[in-house]
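Undergrad: Structure for the following, please:
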Amino acid sequence: MKRGTVLVALLSLVMLTGIKWVKLTPEGEKIRVLEQSEVGNCKKLGSTTASLKSKIGPFGRSEKKVKQELEYLARNSAATEFKDKGADTVVAVSDIEEGKQKFDVYKCVP
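TA: Modelled structure (predicted):
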């Protein structure tokens, strides 16, 4: 087997198995993801931008996986960057563009 064929086969296997590159931290697990319409009574604390590779070489990653991992990154970020302010929620405020997405961070639970 040629080296290029092996590399393509390995990359395909990784993409098909759904390996998660980003892990949700225990602190991030406490942060919810809501829609803008659900945070009317919440206090906005700030914003964060999550980014990751949306392609592995010439191969595009699953949109679903990219979306989920960007949410994980935003939740992890909110849990650490806004910990002292009591952050408990993030809301996506932009579309995913080249592996980047902006999120607003809120405190909704008193």
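
Undergrad: I figured Gln36 hits Val93, correct?
TA: Yes: assessed by C-beta atoms under 8 Å, Gln36 is found in contact with Val93 at 7.1 Å. C-beta here means a position set from N, CA and C on the backbone, and glycine is covered the same way.

Undergrad: Could you point out the helix or strand that follows the helix ranked longest in the chain?
TA: Assignment by DSSP state H gives helix 63-81 as the longest helix of the chain. Using DSSP states H and E, the helix or strand that follows helix 63-81 in sequence is strand 89-92.

Undergrad: That following strand pairs with which strands, and in what direction?
TA: Sheet pairing for strand 89-92, assigned by DSSP bridges, gives strand 32-34 (parallel), strand 100-107 (antiparallel).

Undergrad: what kind of secondary structure is Ser94 in?
TA: coil (DSSP: H, G, I helix; E, B strand; the rest coil).

Undergrad: Distance of it relative to Pro110?
TA: Ser94 sits 28 Å away from Pro110, going by C-beta to C-beta, to the nearest Å.

Undergrad: which one of these two has more residues nearby?
TA: Ser94 (12 against 6; other C-beta atoms under 10 Å).

Undergrad: and the more buried one, what does it touch?
TA: Ser94 makes contact with Lys100, Gln101, Lys102 under the criterion C-beta atoms under 8 Å, 6 or more residues apart in numbering.

Undergrad: cool, and Gly86?
TA: Neighbours of Gly86 in contact, by C-beta under 8 Å, 6+ apart: Leu45, Lys107, Val109.

Undergrad: from those, which is closest to Thr80?
TA: The nearest member of the contacts of Gly86 to Thr80, counting by C-beta to C-beta, is Leu45 at 12.7 Å.
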